[in-house]
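Student: Provide a 3D model corresponding to the input given below.
(one chain, ligands or ions: 1)
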Amino acid sequence: MDIIKAQGDLIIDRSGKEYIDFISGIGVSNLGHNLPEIKEAIRRQLDKHAHVMVYGEYEQEVVTEFAHTLLSFFPDRLNAMYPVNSGTEANEAALKLARRVTGRSEIISFQGAYHGNTTGSMSISYNEDRKYPFRPLLPDVRFIALNNSDQLNQITDKTAAVFLETIQGDAGVRIPTVEYMQALLKKCRSTGTLLILDEVQVGMGRTGKFSAFEHFDIVPDVVTLGKALGAGMPIGAVVSQKKYLDQLSRSPELGHITTFGGHPVICASGLAGLRYFKEHRILDQVEEKGRFIENALTQIPGVQLRAFRRKGMMIAVELDNPEQVNQVINACRESGVLLFWFLSLRNGFRIAPPLNISTQNLEKACQIIRRELIRANS
Ligand code: PLP
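Tutor: Next up, the predicted model:
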């Protein structure tokens, strides 16, 4: 596909063909494409200034405003943020933070985890096929199974942090139970272990709450963000308590230097995105639209999906085999609907439309996917 334009919930190729975006650049374009409010904010900031200095050396109004606005979406306990350039960099910074705060090095992660592609993030990700060419990676990392309470006893007073995607994305939208998450937090608190939740993909409203951890009635110690946070521009962030994040600024001094972190133009975009999200009550639409997709795809006469998992508008559809998945994704693209694969779940595909997708395009895309699911099953 040779893309030349994207507008709202549509992506347009060179031939003028329109595709309904049912994947949002994998959870980035939560507000769709080409919003005038975002473009105007970027333009206004460009008229003032772009990069002026390595992040943290000077105060910059738009960055401060962005930080305050972002933190207003979080519980009081999470009262500080540190902006970086991507989801994986946020996870790198969080890994370092866990070592600084606890003085320990062991990290517990999860089977199925995906945290990014830099060395630290890859070390705490699970998919061995993607890791072995790059070994040796970080030592002292173990993996436990999600929703298996018996394995929580592997978290001990040697564990610096438990690192978990609040809802696992690349593993195929794996959702922990409320009981499990509460037991996990309790175990972390009793062993002095930080609970770090990776909300790079699930944050910013994707699951029907601003932060996915709100579904579980818990507040973690650290949250990492990326993807949708910049409203289409590249950014990441670590959100935590000030007393923790302060530790990254001493011994050594400036413990996570990042030249472009907190880039003013990107922060202007993110700030405009957060304001739009609030003003247009985006969250209110998510559950209803997610349920519409669920009803449309799980009630097809003659089609028995192997599995359908959903939280808000984050969806995994499992079929019997990878060939069927390829058939459905390719045929849907031909018919003007964009879906996408998982790296770690070959017999499944993902759905993650812009949260503000129009009802008309939501219905149209579901009709097309239904038709292709019927074909793939015949
Ligand atoms: N964490 C999760 C849960 C992700 O889904 C991703 C990207 O897909 C990352 C981290 C890495 O983010 P980035 O690609 O911005 O480095």
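
Student: The closest residue in space to I266 that isn't next to it in sequence: what secondary structure?
Tutor: Taking C-beta to C-beta, 6 or more residues apart in numbering, and ignoring the residues beside it in sequence, I266 has M233 as its nearest neighbour in space, at 4.5 Å. For glycine as for every other residue, the C-beta is placed from the backbone atoms N, C-alpha and C. Using DSSP: H, G, I helix; E, B strand; the rest coil, the structure places M233 in coil.

Student: What does the pLDDT read for M233?
Tutor: At M233, the pLDDT value in this model is 98.

Student: Now do the contacts for it.
Tutor: Listed by C-beta atoms under 8 Å, 6 or more residues apart in numbering, the contact partners of M233 are 42, 265-266, 269-270.

Student: quick one: C366 and L297 touch, right?
Tutor: Yes. Here C366 reaches L297: they are 6.8 Å apart, a contact under C-beta atoms under 8 Å.

Student: about what we covered before: how much space separates the residue nearest to I266 from M81?
Tutor: 16 Å (C-beta to C-beta, to the nearest Å).

Student: same check, this time on R275
Tutor: Using C-beta to C-beta, one obtains 17 Å as the distance from R275 to M81.

Student: now do F143
Tutor: Per C-beta to C-beta, F143 is found 28 Å from M81.

Student: Check K5 too.
Tutor: Relative to M81, K5 is positioned 33 Å away (criterion: C-beta to C-beta).

Student: More neighbours: those two, which one.
Tutor: Ranked by neighbour count (other C-beta atoms under 10 Å), K5 and M81 place M81 first, with 22 against 13.

Student: That one: what's it in contact with?
Tutor: By C-beta under 8 Å, 6+ apart, the contact set of M81 is 67, 70-71, 237-240, 245.

Student: what's the pLDDT at L248?
Tutor: In this prediction, L248 carries a pLDDT score of 89.

Student: What's the local residue count around whichever residue of the stretch 1-150 of the chain sits closest to the ligand?
Tutor: Using C-beta to the nearest ligand atom, the single residue of the stretch 1-150 of the chain nearest to the ligand is G87, 2.4 Å away. A count of neighbours around G87, defined by other C-beta under 10 Å, yields 29.

Student: any idea how far E61 is from it?
Tutor: Look at G87 and E61: by C-beta to C-beta, they are 26 Å apart.

Student: Determine the three-state secondary structure at the closest residue to the ligand within the stretch 201-350 of the chain.
Tutor: Sorted by distance to the ligand under C-beta to the nearest ligand atom, the residues of the stretch 201-350 of the chain start with Q201, at 3.8 Å. Q201 carries the three-state label coil when classified by three-state DSSP.

Student: Do a quick rundown of the strands in the stretch 251-378 of the chain.
Tutor: With strands called from DSSP state E, counting those that start in this stretch, the stretch 251-378 of the chain shows them at 307-311, 314-318, 337-338, 340-341, 348-351.

Student: could these be laid out in TSV, adding distance to T224, mean pLDDT and mean neighbour count?
Tutor: TSV is the format used below for those (distance: least, C-beta to C-beta, whole Å; pLDDT from 0 to 100; neighbours: other C-beta atoms under 10 Å):
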stretch	distance to T224	mean pLDDT	mean neighbour count
strand 307-311	18	98	18
strand 314-318	17	98	23
strand 337-338	26	98	22
strand 340-341	22	98	16
strand 348-351	20	98	25
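
Student: now the ones you listed in a markdown table, with distance to L95?
Tutor: Formatted as a markdown table, the entries for the strands of the stretch 251-378 of the chain read as follows, by distance: least, C-beta to C-beta, whole Å:
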| stretch | distance to L95 |
| --- | --- |
| strand 307-311 | 26 |
| strand 314-318 | 24 |
| strand 337-338 | 33 |
| strand 340-341 | 27 |
| strand 348-351 | 26 |
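
Student: returning to what we had before: would you check which pair of the contacts of M81 lies furthest apart?
Tutor: Largest separation among the contacts of M81 by C-beta to C-beta: L70 and L245, giving 13.4 Å.
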